[in-house]
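S.K.: Got a predicted model here, sequence first, then my questions.
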Amino acid sequence: MVVASKLLRKIKSAIIILKFLVENQSRFSKFLLASGLSTSAAFILYRLCLKYTRYTKNFPKCEPVTKKKVNPALNKQFFRELTYLCKIMFPNLFSKQSFLLFIHTLTLICRTFLSIYVAKLEGLLVRNIVQKNFLMFAKKLIQWLFIAIPATTCNSLIRYLESKLDLELKTQLVKRSHRFYFDKRVYYKIALKQSDECQVDQNLTEDIDKLTNLFVHLYSSLTKPLLDIILITATLIGLAKSKNVNYVVPSLMALVVIVLTGMLIRKISPKFGKMAADVAKQKGYLRFLYGRIQTNSEEIAFYSGEKTESNLVNDNFKLLKKKLELVHNNKFWYIIVEQFLLKYVWSAAGLSMISMPLLLSDKYSPKSQIQVEDEAAEISQRTEEFTMAKNLLSSGADAVERIMTSYKELTELTGFTRRVYEMFKLFENESRNSDIPIEIDSVIEPRIKLAPEDNDQAKPGVVYESDNLKSIIVENIRVETPNGEVIVPSLSLKIDHGMNLLITGPNGCGKSSLFRILSGLWTLKSGIIHRPKLKDMFYVPQRPYLAIGTLRDQIIYPDRVEDMVQKRITDTDLMNIMEIVNLSNVVTREGGLDAISDWKDVLSGGEKQRLGLSRIFYHKPKFAFLDECTSAISIDVEGKIYHTAINDYKITLLTIAHRYTLWQYHNFILQFDGVGNWKFEELNNNLDNRLNLKQEKDKLEKILLTVPSSKERLEELCNILGESSIALE
């Protein structure tokens, strides 16, 4: 309280001294004093802005922390990235987007000429008011109302063309991104490395939308002001020449004011581009966390992990809040200085520029349309020209102000340009890396090498495809994950049509990895594969994917109804398939094949797996890869499905399974030991022996599981009886 009272007394004393100085000074001294105070206030604001600008260097980074990158800024890299995106948005000179941009530019030019004409017309209106010429005033007013029709139409057309151009540019970017994203399974490659650096959903929605919005808005905000400045400057210079007034000094004055304020604004401007990019990245990571919770909601609920997930989301939201608060704080001080310079400093400079020619000119050129005969006429003419010049200069000042204020939006554009550009480069790189050497209808005769040659491991993997090939032949391939982990150093085998293969082994031994390589999901790093076309191979995972759509769409996926009609498959055929997998009751229960529902939540685990298996009967491939896709299906229904697929549809099954009840449907077995070794042998010859060994193994497991409890009971009995036992020795 004591400190506050002392501070209050000092403020009162300063006000009294300031009042005394003002009252006892001349006008010129008062002007100098006011100028000094204004300069001091501006300097204080400048220092405060520099202080907050320094804070941006410690801008919070997105979690998790990644490698450092160059921040987006107005440099050569930005213009190179923007040029790359412009080539996508404007495919050629005669495209629809280029035509809309041309019409938009013409509309902006027309609006500039209309602004100049309206300014001149308003000057004539003021002159007629001063002269009290009612008829001419009414005539010009009617003319002013008529010119308002094309002016308002032009304004509305500018907004319409902006939105139309924005939509077309967004369409071009989305089409190009979708073409890359769904080509060569790029979406799968990116999903494997999903992290905060791969926020594809954020890039494809918000980032592209904000990029096109800013691009179109900045084009209007920069193009029209530039046109306004050029034409308005030419008009004002022409007006000054017609009155024999020196226009050099006002022009230099305007140039100096614009350059100095522009340099100052750029100096104190925070790094809005970096801020926009970081905020967008943090929003994307937060959206990724929400989507992750939604996808794994059941697992989180079973583990009661609500508190952990809530803390993770809350921490990232707090980080986003800090970033947004820092952006708002920087904008607050930046806008104060910006408005002070662009509104008040420029207004004072503009009034000086308008007043100087009128105050310093004593007579007018004889070429003037109005002969100055008396003082009243001279006043009316000065009023007309002052009003016209003021309106034109105000329009010009607004144009320069829009260019100056566009700097902040331009820095934001650099952030979104960088994110969209990096997304396209990521798509291109993954598409380029997916280019596995594939030969179609190759004449090379496949051969099996049981042992790799010395130079085989150095060769890149090659895949041969053929419509006529009825075998899958693997020659010394290396089973390797995308991150470079080698699971099986070398694998060679041949699977002919009709050789139903059972694949077994511990977890992580390469069973599913082999399916991914054969299907082309993972890049073949070494070796040779001969296989049929991908349409003759079908993969059924343990958790089948259920698409959005009708029950019919689930059976024929990934085909559409048009493809089904083209294949001449009817709903009756689909009902027969549903009968095979014991899902006829589901069709009746849900209301037919046209029923639409959230199938992921409606169907049980076993029904989902049976629905996934129904697709092999629809597509009728030569080979079907079944990856533990019957774990939730009863043994009798499982046997019916396998029997029908092998005997009636002649589909060769490659099955990953742990159930010994499926052994009877396979005649070959591929065993992995988990340390890179494997064994491929016929199953039919020793099937009975394997079943006996399996039953003996299960029996011994049950006995050994009861050993600890039996041993404890024996110790307890020995203690009661006071005896010993040889089993405990």
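M.R.: Good, I have the coordinates. Numbering: from 1, shown residues only.
S.K.: CA only for contacts and neighbour counts going forward, please
M.R.: Noted.
S.K.: So L124 sits against K139, correct?
M.R.: No - L124 is beyond contact range of K139, at 10.5 Å (criterion: CA atoms under 8 Å).
S.K.: Show me which of the two is the more surrounded one.
M.R.: Legend: neighbour count by other CA atoms under 10 Å for L124 and K139, higher for L124 (23 against 11).
S.K.: how many other residues sit next to M263?
M.R.: By other CA under 10 Å, the residues close to M263 number 11.
S.K.: So it belongs to a helix, correct?
M.R.: Yes - under DSSP: H, G, I helix; E, B strand; the rest coil, M263 falls within a helix.
S.K.: Please report how far it lies from Q609.
M.R.: From M263 across to Q609, the span is 67 Å (CA to CA, to the nearest Å).
S.K.: Equivalent analysis for E465, please.
M.R.: Taken as CA to CA, the span from E465 to Q609 is 30 Å.
S.K.: residue contacts, the residue lying closest to L218 once chain neighbours are set aside?
M.R.: Spatial nearest neighbour of L218, excluding adjacent residues (CA to CA, 6 or more residues apart in numbering): S406 at 6.9 Å. Counting by CA atoms under 8 Å, 6 or more residues apart in numbering, S406 touches L218, S221, L222.
S.K.: So which of the residues you listed are in helices?
M.R.: Those of the contacts of S406 mapping onto helices are L218, S221, L222, per DSSP state H.
S.K.: Return the closest of those residues with respect to Y285.
M.R.: L218 (27.9 Å; CA to CA).
S.K.: residues in contact with the closest one?
M.R.: So L218 contacts S406, E409, L410 (CA under 8 Å, 6+ apart).
S.K.: from what I can see L534 touches L521, true?
M.R.: No - distance between L534 and L521: 11.1 Å, which falls outside the contact criterion (CA under 8 Å).
S.K.: if we can go back for a sec, okay, the contacts of S406 in JSON lines with pLDDT next?
M.R.: As requested, these are exported to JSON lines (pLDDT from 0 to 100):
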{"residue": "L218", "pLDDT": "86"}
{"residue": "S221", "pLDDT": "78"}
{"residue": "L222", "pLDDT": "79"}
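S.K.: just these now: which is nearest E590?
M.R.: L218 (52.8 Å).
S.K.: any idea how far that closest one lies from L211?
M.R.: Taken as CA to CA, the span from L218 to L211 is 10 Å.
S.K.: quick one on the thing from earlier: out of the contacts of L218, which are inside helices?
M.R.: Assigned to helices by DSSP H, the following of the contacts of L218 qualify: S406, E409, L410.
S.K.: for the host helix or strand of A280, packing partners?
M.R.: Assigned by DSSP states H and E, A280 falls within helix 272-295. Contacts defined by 3 or more CA pairs under 8 Å, 6 or more residues apart in numbering; DSSP states H and E place helix 272-295 against helix 306-339, helix 375-433.
S.K.: Mind telling me which of the ones you listed the model trusts least?
M.R.: Confidence, taken as mean pLDDT, is least for helix 375-433 of the helices and strands packed on helix 272-295 (a mean of 72).
S.K.: Run a quick neighbour tally on V540.
M.R.: 21.
S.K.: Next, find the distance separating it from S512.
M.R.: V540 is 11 Å from S512, by CA to CA.
S.K.: Give the residues shared as contacts by these two.
M.R.: D627.
S.K.: And the next helix or strand past the helix or strand of the chain with the lowest mean pLDDT?
M.R.: Here the helix or strand of the chain ranked lowest by mean pLDDT, DSSP states H and E is helix 27-55, holding a mean of 48. Following helix 27-55 in sequence order, the next helix or strand is helix 76-89 (DSSP H and E).
S.K.: Check which helices and strands that next one sits against.
M.R.: Judged by 3+ CA pairs under 8 Å, 6+ apart, the packing partners of helix 76-89 are helix 134-181, helix 375-433.
S.K.: got the angle between the very next helix or strand once past it and helix 76-89?
M.R.: In the C-terminal direction, the helix or strand that comes right after helix 76-89 (DSSP H and E) is helix 96-131. Helix 96-131 runs at 110 degrees relative to helix 76-89, counting by axes from the mean of the first three to the mean of the last three CA atoms, to 10 degrees.
S.K.: show me what contacts G674?
M.R.: I487, G505, P506, N507, G508, C509, G510.
S.K.: so of these, which ones are in strands?
M.R.: I487 (DSSP state E).
S.K.: State whether F680 is indeed within a strand.
M.R.: Yes - looking at F680 with three-state DSSP, it is inside a strand.
S.K.: which one of E465 and Q609 has more residues nearby?
M.R.: Q609 (24 against 18).
S.K.: still on that earlier bit, quick check: of the contacts of S406, which lies closest to I596?
M.R.: Nearest to I596 among the contacts of S406: L218, at 44.6 Å, using CA to CA.
S.K.: I'd say Y539 and L626 touch.
M.R.: Yes - between Y539 and L626 there is a contact under CA under 8 Å: 6.2 Å.
S.K.: Are there residues contacting both of those two? Which ones?
M.R.: Common neighbours of Y539 and L626 (CA under 8 Å, 6+ apart) do not exist.
S.K.: wait, doesn't T523 sit right on N483?
M.R.: No - contact criterion CA under 8 Å: T523 and N483 do not qualify, at 10.9 Å.
S.K.: Find residues that contact each of these two.
M.R.: By CA under 8 Å, 6+ apart, no residue touches both T523 and N483.
S.K.: Quick check: Q671 is in a helix.
M.R.: No - assigned with three-state DSSP, Q671 falls outside any helix and is strand.
S.K.: what is it paired to in the beta sheet?
M.R.: Beta bridges link Q671 to T504, K679 when assigned by DSSP bridges.
S.K.: What pLDDT is listed against it?
M.R.: As predicted, Q671 sits at a pLDDT of 89.
S.K.: Pull up the gap between it and L491, please.
M.R.: Per CA to CA, Q671 is found 12 Å from L491.
S.K.: With neighbour numbers in mind, choose between these two.
M.R.: L491 (22 against 17).
S.K.: Report the contact partners of the more buried one.
M.R.: V474, E475, N476, I477, R478, V479, W678.
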